[in-house]
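Asker: pasting a predicted model and its sequence here:
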Amino acid sequence: MKSKNKIGASFAFDFFNVLWMVLFALFCLVPLVIMISASFSSDEALQNYGYTLFVKDWSINAYKVVFANVNPLLRAYGVSIVVTGGGTLINVFLTALIAYPLSKPHFKFKNAVTIMLLITMLFSPGMVPTYILITQYLKWKNTFAVMIIPQIGMTFYIILLRTFFSDIPKEIGESAKMDGCSAFREFLTITVPLSLPALATCSILVALSYWNDWGTAYLYVDDNRMWNVQMLMINLVQQAQEWKKNLGQLAGNQSSDSIVMATCILGTLPIMGVFMALQKYIVKGMTVGAVKG
Amino acid sequence: MTKKTAPKEKKTRDLYAKENVSYVLMCLPVVIKTLIFSILPLLWIVMAFENYKGFQGIFGSEWVWFKNFEYFFRTEIIWHVIRNTIALNFLFIIVGTPTTALMAMLMFEMKNRFATKFFQTIYFIPYLISWTVAQYCVEGILGSNGLINSVLSSLNLETIKFYDASNAHAWPWILLICNIWKGQGYALIMDYASLSGMDTELFEAAELDGANRGQRMWYISLPHLRKIIAILLIMSLGGIFRSDFGLFWFIPKNDSDRALLETTEVLDTYIYQLSIRETDYSAGTAIGLVQSVVGMVVLLLSNKIVKKIDKDSAFI
């Protein structure tokens, strides 16, 4: 009798657990559903019925308008892809490169470097001093450099990789060294291939922060030929109106909400694809960094 | 015996010396970058103590010492910006930390691996969406013809003007919901990853002893999560004077309408408006300095407290 009760309680637990998980999943997805359904609605429907979860009046006009004025979007894609692709490669490589010596107990300046990194974590100079440095002294406005370099070598990722590297059995490296393998070669031929899951985790998170980095562009990019996808998103309402005007579709003060939503979807799809392709590494890599970091 | 090991030791020492050179070279790129972008700008903090004029340069401008701070703590607006910053951060921490831990434990109780993966992926999706895009989603829900108002008007009820100053009191809760929506998936993975590193024997032993799942969560999972919760808590307390800029800038439309400043303006957005938009660099640096100093003190203090309670859970 008692065990029967227990099974019943366990079943109830599972039921409510899954129910809660499903409800939270719906909460996560509702804004996206609205975005998708609005992008496939006609602007008249959006104005008359408002936003709905299901499309009331199907129309692909929004996508037609975007593709007829595709140049700004392509240009923004170009900038974002260069920054995200190039930036992630350089960033993760250099992060791994500094994490490697920090995982070696006999590295002489280990403490000095760690303390420097800790200081940057504890105390930041603030937005304005960095702004002055970049705009007045480095004169890096509207460059790829400003969109890539300041984000290189974030302490969190250095710690994550350092922890992963120090778990690699020492014997593998030692024997290679006795055969005259240099530190750099050990790093490239032994450490890196053995750490691919952790490097993948870092790469996804770094790529995501480059792709979604609107802050840097907002501060340092005023030339719209150097706009990344996020800058296009920020100025989307005016852009959408302009695109409509180009096609002679603008009637009165009609809104262009569906075009805004369609562009939002197009701007999010690439990073979504990268995430879906590499997502199995996220939990795996975080396990290492989070537990022992 | 000693004869044999001595040359080997020397060999190791030479090797280490040679390796240390390569190690230094490997550290250099990130060290140089950090020196330029995190240490060098500390110089410009002197702007906080002068009346900085761009053309006079950083060392040519007039020194006013603590005038910037004085002026600024005397204005009323700053206190309410500080209140917003601290209150909203506390709200996020107090609601966020337990819900994340609870959800991670519940997810860990779900033994179906496929289901766990599935839900994790769904919860992570909002994290991929930037605030610049999310602002249009939020408007699609709260705007004048958004989801809520279209439901209300179809029921012949009065619509709500969420973006109007008269509804500013609702915004802390709206921001809280937005913050959970975007951040929960990421925070959850941290806690869940920690749980999956746990020894499963404990769980099995508890099951044999007749512990139910609530007891298992309370007595085994939760104590295991203590360390990661402590670390995340210290980090968020250290950021008590900072905010997720995009959330507070775009979601309540503080970039354009600025109707909801009363409850949504935080130090970061205030500094941006003051220094970048109104080009008062000295004032912006002064507030930024206060922000950094307070952040550091709070971080070190909370680390100390955690260390006292549980030595292993401390961060530094």
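Answerer: Received, thanks.
Asker: where does the chain have low pLDDT?
Answerer: Using chain A. Applying pLDDT under 70 to chain A flags the ranges A:1-4, A:6, A:250-254, A:283-293.
Asker: if you could check chain B rather than the one you did, that'd help
Answerer: Under the criterion pLDDT under 70, the flagged ranges of chain B are B:1-8, B:54-56, B:60, B:312-316.
Asker: show me where it has its strands.
Answerer: Secondary structure of chain B (DSSP state E): strands located at B:50-51, B:62-63.
Asker: contacts for the last one?
Answerer: Here strand B:62-63 makes contact (CB atoms under 8 Å, 6 or more residues apart in numbering or on different chains) with B:49-51, B:53, B:56. Every C-beta, even on glycine, is put in place using the N, C-alpha and C of the backbone.
Asker: how far away is B:Met190 from chain A?
Answerer: Relative to chain A, B:Met190 is positioned 5 Å away (criterion: CB to the nearest CB, to the nearest Å).
Asker: sorry, back to before: nearest to B:Arg226, out of the strands of chain B?
Answerer: strand B:50-51 (46.9 Å; CB to CB).
Asker: contacts for that closest one next, please.
Answerer: By CB under 8 Å, 6+ apart, the list of residues contacting strand B:50-51 from outside reads B:61-64, B:67, B:282.
Asker: distance from the chain centre to that strand, please.
Answerer: Chain-centre distance of strand B:50-51: 31 Å, with CA atoms, centre = their mean, to the nearest Å.
Asker: grab the most central residue of the chain for me.
Answerer: Went with chain A since none was named. Among the residues of chain A, the one closest to the centroid is A:Leu208, at 1.1 Å (CA atoms, centre = their mean).
Asker: right idea, wrong chain: chain B
Answerer: Nearest to the geometric centre of chain B sits B:Ser236, at 5.6 Å (CA atoms, centre = their mean).
Asker: next one: the biggest helix by length in chain A to chain centre, how far?
Answerer: If you go by DSSP state H, chain A has its longest helix at helix A:2-39. The chain centre lies 27 Å from the centre of helix A:2-39; the measure is CA atoms, centre = their mean.
Asker: check which element follows it along the chain.
Answerer: Where DSSP states H and E defines the elements, the next helix or strand beyond helix A:2-39 is helix A:43-49.
Asker: quick check: closest non-adjacent residue to B:Val81.
Answerer: Nearest non-adjacent residue to B:Val81, counting by CB to CB, 6 or more residues apart in numbering or on different chains: B:Tyr270, 4.8 Å away.
Asker: tell me where chain A has strands.
Answerer: Going by DSSP E, chain A shows no strands.
Asker: which residues touch the closest residue to A:Phe40 other than its chain neighbours?
Answerer: Nearest residue to A:Phe40, sequence neighbours excluded (CB to CB, 6+ apart): A:Val55, at 5.1 Å. Listed by CB under 8 Å, 6+ apart, the contact set of A:Val55 reads A:37, A:40-41, A:45.
Asker: B:Tyr123: neighbour count?
Answerer: Neighbour count for B:Tyr123, taken as other CB atoms under 10 Å in any protein chain shown: 25.
Asker: residue of the stretch 151-300 of chain B nearest chain A, please.
Answerer: When scored by CB to the nearest CB, the stretch 151-300 of chain B has B:Gly288 as its residue closest to chain A, at 2.7 Å.
Asker: what's near enough to touch that residue?
Answerer: The neighbours of B:Gly288, taking CB under 8 Å, 6+ apart as the test, are A:125-129, B:48, B:271.
Asker: can you tell me which of these are buried?
Answerer: Buried residues within the contacts of B:Gly288, counting neighbours by 16 or more other CB atoms under 10 Å in any protein chain shown: A:125-129, B:48, B:271.
Asker: adding distance to B:Ile93, write the residues you listed out as a markdown table.
Answerer: Conversion of these to a markdown table gives the following (distance: CB to CB, whole Å):
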| residue | distance to B:Ile93 |
| --- | --- |
| A:Pro125 | 25 |
| A:Gly126 | 22 |
| A:Met127 | 23 |
| A:Val128 | 27 |
| A:Pro129 | 28 |
| B:Ala48 | 28 |
| B:Ile271 | 22 |
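Asker: from the residues you listed, which ones fall inside helices?
Answerer: Per DSSP H, helices hold the following members of the buried ones among the contacts of B:Gly288: A:127-129, B:271.
Asker: hmm, back to that, what sits against the residue nearest to the centre of chain B?
Answerer: B:89, B:92-93, B:97.
Asker: between these, which is nearest B:Ser221?
Answerer: If you rank the contacts of B:Ser236 by distance to B:Ser221 using CB to CB, B:Thr97 comes first, at 14.9 Å.
Asker: the closest one contacts B:Ile229, doesn't it?
Answerer: Yes: under the criterion of CB atoms under 8 Å, B:Thr97 makes contact with B:Ile229 at 6.4 Å.
Asker: so between those two, which is more surrounded?
Answerer: B:Ile229 (20 against 16).
Asker: so where do the helices sit in the stretch 101-250 of chain A?
Answerer: Ranges of helices within the stretch 101-250 of chain A are A:110-122, A:127-132, A:144-148, A:155-166, A:170-178, A:183-186, A:192-194, A:196-211, A:214-220, A:229-234, A:236-246, based on DSSP state H, counting those that start in this stretch.
Asker: perfect, I'm done here.
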